[in-house]
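J.: Return a 3D structure for these sequence lines:
(chains A, B and C)
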Amino acid sequence: MRIRLYFLFLVPLVSVLHFGLEAGSLHVRKGTQLDTIKEAIALAGKGDTIFVHEGTYLENQMEINKPMAIIGVNKPVIDSQGGDEIFIVKADQVLIQGLTLQNIGVSHLKDRAAIRVVEARNVIIDNNLLLNTFFGIYLQNASRCRVLNNTIRGEAYDEMNAGNAIHIWKGSQMEVINNHLSQHRDGIYFEFVDQSLIRGNTSQDNMRYGLHFMFSNYDTYEKNIFRRNGAGVAVMFSKQIRMIKNTFEENWGGSSYGILLKEISDGLMVQNTFIRNTIGVYAEGANRIKIEKNDFINNGKAMDIKGNCIDNEILSNNFIGNTFEVLTNSRSNLNHFEGNYWAQYKGYDLNKDGIGDFPHRPVNLFALITDKIPAANMLLHSFLVDALDMAERMFPEIIPEHLSDERPRIKPYTYD
Amino acid sequence: MFKIAKFIISDLIKNWIILLYAFFLLLATIGFFLLQGQGDKAILGVLNLTLMLVPMITVIFSTIYYYNMYEFMVLLMAQPLKRGSIIGSFYLGLLVSLGLAIVAGLGLPLWLMHPHWVSLVLSGVALLLSGIFIGLALLVAVWVRDKARGMGFALFLWVYFVLIFDGLVLLMMYNFSDYPIEKVVLYITFLNPVDLGRIMVLMQTEAAALMGYSGAIFQQFFSEWWGLIASLLIMLAWAFIPVAFSFRMFRDKDL
Amino acid sequence: MIKLDHIYKSFGRIPVLKDIFLDYGQNQAIGLIGPNGSGKSTLIKIILGMVLPQKGEVTFDGKPITGQSQYRRHIGYMPQMSRFPANMTVSQLFHMMKKLRKDEKQRDLDLYHAFEIEQMGSKRLEILSGGMKQKVSAALAFLFDPKVLVLDEPTAGLDPIANEILKEKLQKSLGNDRLILISSHILNDLDDIITHVCYLMEGEVKFFKPLEQLRAETAENRLNRIIAQVLKQEKNHV
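T.: Residues are numbered from 1 along each chain as shown, chains lettered A, B, ... in the order given. Alright, predicted model coming up:
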């Protein structure tokens, strides 16, 4: 893994050197003859490098249709002044690095973006700062592109007038790594994107989803932080998704959840952390997902797993401090729960093997009631409700009798 | 009035039931924090215990106390004292001594273990519930002459407010779940000080977001300042009205 | 001094006092007697303002007692049964009473000394025996040297010696414009104390006469004989 990381950082450097040595370089600088980027792009030959020096450039609608590198020196600013898109990349092997791009106007006719990549390969967008750009980086029909180390900060205040920070529509083998995304409609938007990697990003305070993920297969996202997004994260209509070591936190709100799994299958969800979400995992039509070694801490409902979810495995997770542990809308259970630590487990372990001596039923009667009658939430933690719940767990009438963990852990796991 | 109250208090704070009550609260509060660690979870444990125990001990103890002190009350009645000041000093005496038990057994340890706003709200709710259930106990005791029947009544009040009321609410919600009952639910909570107190505390914890599901109006009412103040006023009304009735009844009562 | 003007009282549907008219004056020691359930206790409680009559009015020194408590400054009351706050000590009780009636400077400590109350000062009231509690009650009743003494079955729980002390004290107290009202069914105890007999039966005053007059009428000396005689005469009339 370390070697691979090193390699990732090396690639842009190598390419810069490569471009720099083999091809010419141009310097855009205020007060010199070459003082607009547009001009430099027109002048540049295939594989040239354009160094943009310190200063503010009031330019937009720059089309790049040959391989080149545009590199900011001392963070130059390119300002569209509420106008149209800044870079439209239509060529392969393009590098855009070290720039500050700002002020793209909101449009209801066109999804304007600071950087748009159209039908290109091997485009690298690295270490840029995008401020108030409606859509930040928009890739369509592209492959093997890499979006790295960018900070994309919007000024969205409602969903209607907001764009997405990183929007990828149709693509494959994309990498979205170490970006900071905030105050957009969606932090990262994936639609028809396969075999791609999303890693180490922080996506927070977006109007809708921190990550909006649809019709995309064989993707991995790991070590991302999704925080305080309007509705959390949605992963829908996809298969073979690997979700590893992400943090989903503080998605509080009436219809908010850590992650929504809708119509997805054969995925892997390992070592993620869900803290303080109204619902930790909300699964609807999710099949054959392995949910393992995750921490569910202080959520309203740790898991809401609907009756149309089949053959999911919920293994070795920690459920700590959640108001309700598992909720479902079905009397039957077609999923497998085993070896989890449930803080609400009331049993004991006489033979000291670390496994509780009788099963735990994580579905709370009151959770089912409030699911049907939201107003009943006002009785939360009342004596009546606690007593009913206790009785129901002993002699299940309404809660799914077979939704139980036969081997509940006595002590929480510590994952590293 | 304060003179008699002073003597009643000095008598009651040496009462072993009150001492045991304070001690038990203290142990339980500390126990919850030591066992559960997490702030909110311990608070929920203490809340559950408080909502059960405080009304029960308060209503039973106050009722018994009234009946046991009947002869003493007669002796006081033979003195140049107004009836109002006699019953008033009994109320005050019970309020101060049971209140002190709450402060010592619940308020202080809570504040030491978890110095947050929610601890203050919880202690405040416990104090209000004490005031309310002393009032209800006096109302029953003044009204019902027979000790056994009075005790039965007082116990019934406790069961009603802690259990039966919520059961009826749940049944109602089941039957009317197709109607917009959210506003009604808000008003219903006003009818039970135990529920109201529970919600006041819960709104200060993580559980607030779940409570939000009860409806936007509900959520808004309890999360805003004026809602908290309105709840407080309703609780005070709950404390005041039974007391006022019992005072009134006591004034025309044959001892 | 104490005048009951056509008092009527019923508990529920059962009348307890039916149209009572009585005028108790100074320098009288009245034995309030009658069978159980005749309304003695209720009568006393009405005088003390603990029971409110449905009809009629009680006046104390000419002023109606309804709605006021100040007339009770002049009354010392010894209840039939006493119960005090459990953790209060004897001296605290006396301390409290003095505080409650702090405008009354007169003290009569005869019984207080005679019953050796001082010596049990630090004892908690809860652990006192019934007789000791009665001693405390008696001492309290006399404490403020009141013009009116109301004693409800005073001799019931007292031992013979204490009984004698109390009787002596009562004899001594008569005069000085006092009014003493004693309800009792142990008639022997009353012989040497009372000047008047007030006989209640089924909520009505059978008679209220000076003892001397009754003695003359019945030619009997002992109180229990007198009462028996009177009741026999009544029967013969019917």
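
J.: check contacts around the closest residue to residue C:130 other than its chain neighbours.
T.: Closest residue to residue C:130 apart from its sequence neighbours, by Cβ to Cβ, 6 or more residues apart in numbering or on different chains: residue C:157 at 4.6 Å. No exception for glycine: its C-beta is placed from N, CA and C like everyone else's. If you count contacts by Cβ atoms under 8 Å, 6 or more residues apart in numbering or on different chains, residue C:157 has them with C:130-131, C:133-134.

J.: same deal with residue A:232?
T.: A:209-210, A:226, A:248, A:251, A:256-260, A:277 are the contacts of residue A:232 under Cβ under 8 Å, 6+ apart.

J.: One more: residue A:158?
T.: Contacts of residue A:158 (Cβ under 8 Å, 6+ apart): residue A:207.

J.: Could you check how far it is from residue B:165?
T.: 42 Å (Cβ to Cβ, to the nearest Å).

J.: does stretch B:150-170 come close to chain A?
T.: Yes. Stretch B:150-170 reaches chain A (Cβ under 8 Å from any Cβ of the partner chain) through B:162-163, B:166-167, B:169-170.

J.: how deep is whatever residue of chain A ends up closest to chain C tucked in, by neighbour count?
T.: Nearest residue of chain A to chain C (Cβ to the nearest Cβ) works out as residue A:383 at 31.7 Å. The tally of other residues near residue A:383 (other Cβ atoms under 10 Å in any protein chain shown) stands at 18.

J.: picking that back up, using a markdown table, please lay out the contacts of residue A:232 together with pLDDT and neighbour count.
T.: Shown next, in a markdown table, are the contacts of residue A:232 (pLDDT from 0 to 100; neighbours: other Cβ atoms under 10 Å in any protein chain shown):
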| residue | pLDDT | neighbour count |
| --- | --- | --- |
| A:209 | 94 | 26 |
| A:210 | 94 | 33 |
| A:226 | 96 | 30 |
| A:248 | 95 | 29 |
| A:251 | 88 | 29 |
| A:256 | 84 | 20 |
| A:257 | 88 | 26 |
| A:258 | 92 | 31 |
| A:259 | 94 | 26 |
| A:260 | 94 | 24 |
| A:277 | 90 | 30 |
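
J.: re earlier: out of the contacts of residue C:157, which are inside helices?
T.: Using DSSP state H, the subset of the contacts of residue C:157 located in helices is C:130-131, C:133-134.

J.: Scan these and report the most crowded one.
T.: Neighbour max across the ones in helices among the contacts of residue C:157 (other Cβ under 10 Å) = residue C:134, 27 neighbours.

J.: Next one: that one from residue C:128, what distance?
T.: Plainly put, residue C:134 is 9 Å away from residue C:128 if you go by Cβ to Cβ.

J.: Nearest to residue B:226 among the contacts of residue C:157?
T.: residue C:133 (54.9 Å; Cβ to Cβ).

J.: what's the pLDDT at residue 188?
T.: Using chain A here. Listed pLDDT for residue A:188 reads 95.

J.: should've been chain B
T.: For residue B:188, the model assigns a pLDDT of 88.

J.: ok, now residue B:210?
T.: The model's pLDDT for residue B:210 equals 69.

J.: repeat for the one 10 residues further on
T.: With respect to pLDDT, residue B:220 scores 76.

J.: now for the host helix or strand of it, which elements pack on it?
T.: Per DSSP states H and E: residue B:220 is located in helix B:216-223. Where contact means 3 or more Cβ pairs under 8 Å, 6 or more residues apart in numbering or on different chains; DSSP states H and E, helix B:216-223 is packed against helix B:182-190, helix B:208-211, helix B:225-251.

J.: that's a helix at residue B:56, yeah?
T.: Yes. Assignment of residue B:56 by DSSP: H, G, I helix; E, B strand; the rest coil places it within a helix.

J.: quick revisit: need the helices and strands packed on helix B:216-223 in TSV (columns: distance to residue A:222).
T.: Formatted as TSV, the helices and strands packed on helix B:216-223 follow (distance: least, Cβ to Cβ, whole Å):
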stretch	distance to residue A:222
helix B:182-190	42
helix B:208-211	28
helix B:225-251	43
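
J.: So which of those helices has the densest surroundings on average?
T.: helix B:208-211 (a mean of 21; mean count of other Cβ atoms under 10 Å in any protein chain shown).

J.: which other residues reach stretch C:120-127?
T.: Residues outside stretch C:120-127 that contact it (Cβ under 8 Å, 6+ apart): C:84-91, C:93-94, C:128, C:132-133, C:136.

J.: Could you identify the buried members of the residues you listed?
T.: C:84-90, C:93-94, C:128, C:132-133, C:136 (16 or more other Cβ atoms under 10 Å in any protein chain shown).

J.: got the CA coordinates for stretch C:48-60 in PDB?
T.: Only the C-alpha atoms of stretch C:48-60 are listed here, as PDB (Å, rounded to 0.1, in the frame of the first residue of the first chain):
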ATOM      1  CA  LEU C  48     -61.800  24.200  69.200                       C
ATOM      2  CA  GLY C  49     -62.800  25.000  65.600                       C
ATOM      3  CA  MET C  50     -61.600  21.600  64.300                       C
ATOM      4  CA  VAL C  51     -65.100  20.600  63.200                       C
ATOM      5  CA  LEU C  52     -67.300  23.100  61.500                       C
ATOM      6  CA  PRO C  53     -71.000  22.900  62.400                       C
ATOM      7  CA  GLN C  54     -73.600  23.000  59.700                       C
ATOM      8  CA  LYS C  55     -75.900  25.200  61.700                       C
ATOM      9  CA  GLY C  56     -75.600  27.400  64.700                       C
ATOM     10  CA  GLU C  57     -72.700  29.400  66.000                       C
ATOM     11  CA  VAL C  58     -70.200  29.200  68.800                       C
ATOM     12  CA  THR C  59     -69.200  32.400  70.500                       C
ATOM     13  CA  PHE C  60     -66.200  32.900  72.800                       C
END
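
J.: List the buried residues of that stretch.
T.: Neighbour counts over stretch C:48-60 (16+ other Cβ under 10 Å) mark C:48-51, C:53, C:56, C:58-60 as buried.

J.: No further questions, thank you.
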